[in-house]
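Peer 1: make a model of this:
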Amino acid sequence: MLFNVGFKKVPLWEALQFLADRGTVRIGGRDFESILRLRKALLSGERLNFGVKNTPVNTFVTDLVGITGLPLRVVGGNPMTIANIELPEATLDEIIAEVEKKTETRIVDRSRDSNTR
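Peer 2: As a prediction, the model looks like this:
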């Protein structure tokens, strides 16, 4: 089936939500609704079991940006440092802090006041 939606300069999450409201959307084989639940949990401060294995910090941050929509950036340390983290019951801020600590990097959220995190 083919269809024309006609998006112009729409944020990715809005486009995905629009399509999901009208049918099934899969990203990398995963149902979009499960990714949306993860996004909401991370942004709301919910505690999650989290793990990242053999992943460069810059890839980790890029993936978080894609899921959360937050303007995260690696601004200190080596962004190619490999992260291996297992955290039970951690918030997004705790996850980021642990990655920074274990990899000796600095990750900032450009949407927050520079005095935080």
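Peer 1: from now on I want contacts and neighbour counts done on CA atoms only, so please keep to that.
Peer 2: Noted.
Peer 1: so where's this structure uncertain?
Peer 2: The model of the chain has pLDDT under 70 over residues 1-4, 113-117.
Peer 1: ranges for the helices of it?
Peer 2: Taking DSSP state H as the criterion, the chain carries its helices at 12-20, 32-44, 57-68, 92-103.
Peer 1: what's the burial count for the spatially closest residue to Ala90 that is not a sequence neighbour?
Peer 2: Nearest in space to Ala90, with sequence neighbours left out and distances taken as Cα to Cα, 6 or more residues apart in numbering, is Arg47 at 4.6 Å. The burial count assigned to Arg47 is 16, neighbours taken as other Cα atoms under 10 Å.
Peer 1: for Arg47, give me its contacts.
Peer 2: Residues in contact with Arg47 (Cα atoms under 8 Å, 6 or more residues apart in numbering) are Ala41, Glu89, Ala90, Thr91, Leu92.
Peer 1: and the residue nearest to Leu72 when sequence neighbours are not counted, how close does it get to Val75?
Peer 2: Spatially, and ignoring its direct neighbours in sequence, Leu72 is nearest to Asp109 (4.5 Å; Cα to Cα, 6+ apart). Noted for Asp109: a distance of 10 Å to Val75, by Cα to Cα, to the nearest Å.
Peer 1: so those two - more neighbours on which side?
Peer 2: Ranked by neighbour count (other Cα under 10 Å), Asp109 and Val75 place Asp109 first, with 15 against 11.
Peer 1: that one contacts Pro71, correct?
Peer 2: Yes - under the contact definition of Cα atoms under 8 Å, Asp109 touches Pro71, with a separation of 5.6 Å.
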